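1. Provide a 3D model corresponding to the input given below.
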Amino acid sequence: MVNLIRRCVLVGSLTSVVFLLSRGDTLAQGANRNFDLINHTGYDIYFVYVREYGDRDWGDDVMDSDTILGTNETLHVRFHNGDACRWDVKIEFRNRVNAYWNDIDLCSIDTMTVWYDWSKRNYQAAWE
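-> All right, here's what the predicted structure looks like:
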C-alpha cells in the first residue's frame with residue numbers, strides 16, 4: 001500500500017512538472033512581442049505605432065526620431081508594454097498616408113512584411 005501511495009505521489013509530481021514546463025514556454029513566448037518589420041511597399045515609412053488591441057491611444061512612434069525605413073529595409077520593433085499578445089499596428093508614410101492592421105497576435109509571429117498591392121490599391125501584410 002505504501003508503494004502505491006509513493007507511485008501516485010511520484011506520478012502526480014511528474015505531471016505537475018511537465019505542466020509547469022510547458023506553461024513556462026507559453027509564458028515566455030507571450031513575453032516576446034518584438035518583431036521585424038520588412039518594408040516592400042516601394043515607399044519610405046516615417047512612423048510606426050503599436051498599441052494594445054482595443055486601446056484608443058497610439059502612443060509614441062516606435063522608430064527612432066531620425067529614422068526613415070526605406071523600401072526593402074527591415075526595422076526591429078522592440079517594446080515592453082503590457083503582457084497582452086493582441087496588438088494593432090499603424091504605419092505612416094510621407095504626406096500622412098496611413099496603413100492599419102488590427103488584432104495581430106505578436107506572441108506568435110517574428111516578422112511582418114508589408115507591401116503595396118496595385119491591383120487592390122491598398123497596403124497588404126503577411127506574418128511569419
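
2. any idea how this protein splits into domains?
-> For the chain, the structural domains run 1-31, 33-127, going by automatic domain parsing.

3. need these in JSON lines (columns: mean neighbour count).
-> In this view, the C-beta of every residue, glycine as well, is placed from N, C-alpha and C. Formatted as JSON lines, the domains of the chain follow (neighbours: other C-beta atoms under 10 Å):
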{"stretch": "domain 1-31", "mean neighbour count": "10"}
{"stretch": "domain 33-127", "mean neighbour count": "15"}
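
4. mean pLDDT lowest where, among those?
-> Looking at the domains of the chain, the lowest mean pLDDT belongs to domain 1-31 (a mean of 47).

5. residues contacting the residue nearest the centre of the chain?
-> Centroid-nearest residue in the chain, with C-alpha atoms, centre = their mean: Leu106, separated by 2.2 Å. By C-beta atoms under 8 Å, 6 or more residues apart in numbering, Leu106 lies in contact with Arg33, Phe35, Val50, Cys85, Arg86, Trp87.

6. of these, which is the nearest to Ser119?
-> Checking those against Ser119 with C-beta to C-beta, the nearest one is Phe35 at 26.6 Å.

7. list the contacts for the closest one?
-> Applying C-beta under 8 Å, 6+ apart, the residues contacting Phe35 are His76, Val77, Leu106, Ile109, Asp110, Thr111, Met112.
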